[in-house]
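Undergrad: from the sequence below, what's the structure:
(chains A and B)
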2 protein chains.
Amino acid sequence: MADKKEAKEEKGITVKKNDNFSEWYIELVQKAELADYAPIKGFMVIRPHAYSIWENIQNYFNNFLKNEGVKNAYFPLLIPDSFFKKEAKHAKGFAPELAYIKDSEEGELLAIRPTSETIIYDSYSKWIRSWRDLPLKINQWCNVVRWEVKQTKPFIRTREFLWQEGHCAFESEKEAEQNMNKIIQEYKKMAEELLAIPVLVGKKSKAETFAGANTTMTIESLMPDGKALQMGTSHNLGQGFSKAFGIKFKGKDEKERYPWQTSWGFSTRLIGALAMTHGDDKGLILPPKIAENKIVIVPILFEDSKSSVLKKVSEIGKKLEKHNPILDTREGYSAGWKFSEWELKGIPLRIEVGPKDIEKKQAVIVRRDNGKKEVVSEKELEKKVSKLLDEMQADMFEKAKKFLDSRIDSAKNIKELKAKIKEGKIVKVFMLDDIEIEKQIKEETEGATSRIIEESKKEGICIKSGKKTNTIAYFARSY
Amino acid sequence: MADKKEAKEEKGITVKKNDNFSEWYIELVQKAELADYAPIKGFMVIRPHAYSIWENIQNYFNNFLKNEGVKNAYFPLLIPDSFFKKEAKHAKGFAPELAYIKDSEEGELLAIRPTSETIIYDSYSKWIRSWRDLPLKINQWCNVVRWEVKQTKPFIRTREFLWQEGHCAFESEKEAEQNMNKIIQEYKKMAEELLAIPVLVGKKSKAETFAGANTTMTIESLMPDGKALQMGTSHNLGQGFSKAFGIKFKGKDEKERYPWQTSWGFSTRLIGALAMTHGDDKGLILPPKIAENKIVIVPILFEDSKSSVLKKVSEIGKKLEKHNPILDTREGYSAGWKFSEWELKGIPLRIEVGPKDIEKKQAVIVRRDNGKKEVVSEKELEKKVSKLLDEMQADMFEKAKKFLDSRIDSAKNIKELKAKIKEGKIVKVFMLDDIEIEKQIKEETEGATSRIIEESKKEGICIKSGKKTNTIAYFARSY
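TA: Numbers count the residues shown, from 1 in each chain, chains lettered A, B, ... in the order given. Purely as a prediction, here's the structure:
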């Protein structure tokens, strides 16, 4: 047993979330077996526990895509360097992050995709001929590589990550605008309803707009350390790429036109957001809807009642099958050791079954998020479990929402802005939407950027330029 | 309408399968919108129609993996060059095909994964400590790059492809052997039951064994042009990699041991096999089980009955919902044009509904594989459709099985072997399982290789060395 106790202590997270958030996160990711370091700097191994979260996200979003008529496809990993140069802003935005292939003998450099607008729109220029070919709506799930120079962090910022990127082409500007908005609303829904992470939705400022887009919409959440996290973006690309790649269609009036395009994506960063938002000092806490296994059933074993307890565990397991329960009947581990293990991994509900419970025809249910214990009669078990899972999902969202709401503030001048950003807040200020002005504010606030902007009905004074403006920018430090 | 007719002619495949198989295949792949060429040599774009086939294969195989306790994960795209050098045979096998990253500043070269044994087993050496950690069973779905010098062909041989690679570690040699065999049997089942492609299952000769494996099992099919196609392999890796990567576990007896490992994979090549095996001069033919849309319903439209026909089509569509029917109600295309389009794409059943059919409370069903037309009463429609789909699946397999069986032959000497291989056969010969001997036979037969070997009860004479042997090798040209 000594051997086992040691194992347990080694297993637990040694840093408290409130003491050192960054170290807590790194330990959580490794000890909950979400990810492990790779032998190459900035890369990571996504372990099965995290990958199952990603698969659930994929299933959820694939359902949405199907209903929207978006089809999945797969485009090449490597992109000719000349493609990046076709759309000037896009080229400038991605140039510093490209990883090239050595000696490809292709007559030009080949880069690993950092995003696939260029290679996909090369195909679109062949596939789109007539209005009949529109709208064209394609998505791909794939890996991308961005040779980040910034400090990397598992899931949040890595040189390789997994994502989905949707690419649509429409006859009219209006359709593209509607698509951009529909997608960002769906991202918000997914973040809030599936992952229980509340987000702000809004437009990006000029300084923060995607390289090559007319408009970028984003969903932004706030992590417990007061840094904002961009969780998904949806771009109205206008006709910039269609002109650069010569995508043309013959309209119903026989006239040749350039289509209007959108692109949109979210990545495995969502897994990092999930861990940061909901984790505690014991480990991960998974919102029930995203958990592959919503329950773990742990038998309390004594030699003389072992067989009846195991029988009951299997019986309860069958009853609760739709929640995909883990039956932790392993021998050689104490019940306490098992409790810690599954708390670390964030399984939403734990059901304990011992000989006394069998006598009293009951079981003990423990919620992972608040640790509340309830004794439930066997008869009520199914109903109670469903109810607790629903309540837990709602409570986790509410808790995170309260935190986010409590951290939104406003400032009237740079000094106030600086102070409130230091407190880990998202701070609303009037700001002229201008790249140079935002750059200056970023410098003065030691790196804060506008996460979203919105148009106010009332006019105000730009905190930097002193000019009148209706634009409100939400500033925060960010990942 | 002239404009539309032209479009139709342009759409159809212009080469007959029997006249020029290779050109027929290339046209089929493009015109059925399975794949398109990428701007980089040897790469391809997997279009939605083919990607939906891949997704169905993934769903099918993920179910199997779940039942087997194999979990999905994701490992890095890039592998340090030194990792390849750790297992000597593996290094030698893959060295010519590696694509490296330029200026990675990592102190050593980084290669894009051609397969992931080395990077995965680096993680295994950290994760495996005790017999309690075994068996460890992990799979990943990912892209790989092999810088092929051979002629590339969409799906069949490309520089990048998608695949699954399973990697298991066991306490005992016996478990590894069983796992290797179980997987290859599952691959056979998938090929035959899902894709309707009959295969030979067997062991690879020494010359054809995977670089780094003790034993390789394979499933091999024969394409209509008489070339064999390897459709999936399963390797017993022995302890070669566990020793090279220092993967050790403490056994129940407290002694330190190296685990026994397997790896196994199949790729998007299966889509090429599907197209080659089942396609005809009109286009693709999808076995019903793999088709995303098993039915297309085409209304026969006349101005005066249009609304009642469209209503009926929608009604029938709802009735047959579980087969995910396409309702081709597009205007501006003739029924004949639509027939050709869906024949090209290989939709298993076509249902035609016109005003006369409504009058007679019937519909016309046409099978894609044999073109047989049946008039079916509306009442019988659901039952009939299910029956036809089952029959079509079985008939397609039987047809392909007859072809394969008819092409298996045997030879007593090199001359006979050479002649029969030229006829596009798989030819059984006695052969000592020796790398040098097989190399010589390959040269004399202008490139034929052994696809599988088996042990005969009766002893025979090796056709090359003249020595006695029990080994029978199945020779064929191959992709």
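
Undergrad: so A:Val149, which state does it fall into?
TA: coil (DSSP: H, G, I helix; E, B strand; the rest coil).

Undergrad: which one in chain A is furthest away from the centre?
TA: A:Asp304 (48.0 Å; C-alpha atoms, centre = their mean).

Undergrad: tell me the pLDDT at that residue?
TA: Here, the pLDDT recorded for A:Asp304 equals 94.

Undergrad: so chain A: which segments form each domain?
TA: A:13-278, A:293-388, A:408-478 (automatic domain parsing).

Undergrad: out of those domains, which gets nearest to B:Lys412?
TA: Nearest to B:Lys412, of all the domains of chain A, is domain A:13-278, at 45.7 Å by C-beta to C-beta. Just so you know, the C-beta spots here come from the backbone N, C-alpha and C atoms, and that holds for glycine as well.

Undergrad: so where's the stretch 351-479 of chain A uncertain?
TA: Within the stretch 351-479 of chain A, no range satisfies pLDDT under 70.

Undergrad: got the residues of it near chain B?
TA: Within reach of chain B by C-beta under 8 Å from any C-beta of the partner chain, the stretch 351-479 of chain A has no residues at all.

Undergrad: please enumerate the strands of the stretch 351-479 of chain A.
TA: Using DSSP state E, counting those that start in this stretch, the strands of the stretch 351-479 of chain A run over A:362-367, A:373-377, A:408-410, A:426-430, A:449-461, A:468-478.

Undergrad: from chain B, how far out is A:Ala169?
TA: 14 Å (C-beta to the nearest C-beta, to the nearest Å).

Undergrad: in the stretch 151-300 of chain A, what residue lies closest to chain B?
TA: Minimum separation of the stretch 151-300 of chain A from chain B (C-beta to the nearest C-beta) falls at A:Glu160, amounting to 5.4 Å.

Undergrad: cool, and the stretch 101-250 of chain A?
TA: Nearest residue of the stretch 101-250 of chain A to chain B: A:Lys102, at 4.3 Å (C-beta to the nearest C-beta).

Undergrad: what's the closest of the domains of chain A to B:Glu459?
TA: Using C-beta to C-beta, the nearest of the domains of chain A to B:Glu459 is domain A:13-278, at 48.6 Å.

Undergrad: find the centremost residue of chain A, please.
TA: When C-alpha atoms, centre = their mean is applied to chain A, the residue found nearest the centroid is A:Leu270 (1.7 Å).

Undergrad: just the element for it, please.
TA: Following DSSP states H and E, one finds A:Leu270 within helix A:269-278.

Undergrad: out of the domains of chain A, which comes closest to B:Glu321?
TA: domain A:13-278 (13.8 Å).

Undergrad: the inter-axis angle of the longest helix along chain A versus strand A:373-377?
TA: For chain A, the longest helix by residue count, based on DSSP state H, is helix A:381-406. If you take axes from the mean of the first three to the mean of the last three C-alpha atoms, to 10 degrees, helix A:381-406 sits at 150 degrees to strand A:373-377.

Undergrad: quick one: list the elements packing against helix A:381-406.
TA: strand A:215-222, helix A:269-278, helix A:306-319, strand A:349-353, strand A:362-367, strand A:373-377 (3 or more C-beta pairs under 8 Å, 6 or more residues apart in numbering or on different chains; DSSP states H and E).
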